[in-house]
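Chemist: Curious how this folds, go ahead:
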Amino acid sequence: MSVIARREVELDSFWSRARCQLPDLPEQRPEAWAFGATKVDADELLALVLDGTKTGTASALWDIEADGESVPEMGELSIILDGQGRPRALIETTAIDIVPFSEVTAEHAHAEGEGDRTLAAWREIHERFWRQHGQRGFSPEMPVVCERFRLLFSAEDEPRNSAPGVDSGGSNE
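Modeler: Numbers count the residues shown, from 1 in each chain. Down below sits the predicted model:
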């Protein structure tokens, strides 16, 4: 089985398990993506989501437009991948605000859960990120999509079907 086919099977399986736990979820599987620009970023930021620290994220509107994507909407579901591309969490967008970088709030910075959770740390982390990875670079006036979300389901929340000490095939990396 190809890597792409295996990933599709993993996504379908994750979505099926999520729908068993949350029967009101729609049939159609949502988009799957990872936080950050590297495998390390994806794992570190996912860990913050799973432990309840991270309930917000930010994207450069310029990058969303350049990629031909749409701005997230309230109620939108997303499957969050780890650094290996495995589905680990299901989130639901609860709020969206688009503001200039210079007007992102301390409350939003805290919700992102990174660094010491201050606005100063958020600005430093995100300016560096967009300078390195942003398609149009960085500007203090660049439009930032500030998204708030809640964790609905995670692979770690699933009940284990095996006896203690027996590997059930899951991972808590």
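
Chemist: Could you give the secondary structure assignment for residue 151?
Modeler: What DSSP: H, G, I helix; E, B strand; the rest coil gives for residue 151 is strand.

Chemist: longest helix anywhere in the protein?
Modeler: In the chain, assigned by DSSP state H, the helix with the most residues is helix 3-21.

Chemist: Strand partners (parallel or antiparallel) of the next helix or strand after that one?
Modeler: Note on helix 3-21: by DSSP states H and E, the next helix or strand toward the C-terminus is strand 32-33. Partners of strand 32-33 in the sheet, by DSSP bridges, are strand 77-81 (parallel).

Chemist: now the angle between helix 3-21 and the helix or strand that the partner strand is followed by, please.
Modeler: Sequence-wise, the next helix or strand downstream of strand 77-81 (DSSP H and E) is strand 87-100. Calculated by axes from the mean of the first three to the mean of the last three C-alpha atoms, to 10 degrees, strand 87-100 forms an angle of 90 degrees with helix 3-21.

Chemist: Strand 87-100: which residues count as buried?
Modeler: Neighbour counts over strand 87-100 (16 or more other C-beta atoms under 10 Å) mark 87, 88, 89, 90, 91, 92, 93 as buried. In this view, the C-beta of every residue, glycine as well, is placed from N, C-alpha and C.

Chemist: Which residues are in contact with the fifth one?
Modeler: Pointing back at residue 91 there. Residues near residue 91 by C-beta atoms under 8 Å, 6 or more residues apart in numbering: 49, 77, 78, 80, 149, 150, 151, 152.

Chemist: Number of residues surrounding the first one?
Modeler: Under the neighbour criterion other C-beta atoms under 10 Å, residue 49 is assigned a count of 21.

Chemist: same thing with the fourth one?
Modeler: With neighbours defined by other C-beta under 10 Å, the count for residue 80 comes to 22.

Chemist: leaving aside the residues next to it on the chain, what's closest to it?
Modeler: The shortest distance from residue 80 to any non-neighbouring residue, by C-beta to C-beta, 6 or more residues apart in numbering, is to residue 89 (4.2 Å).
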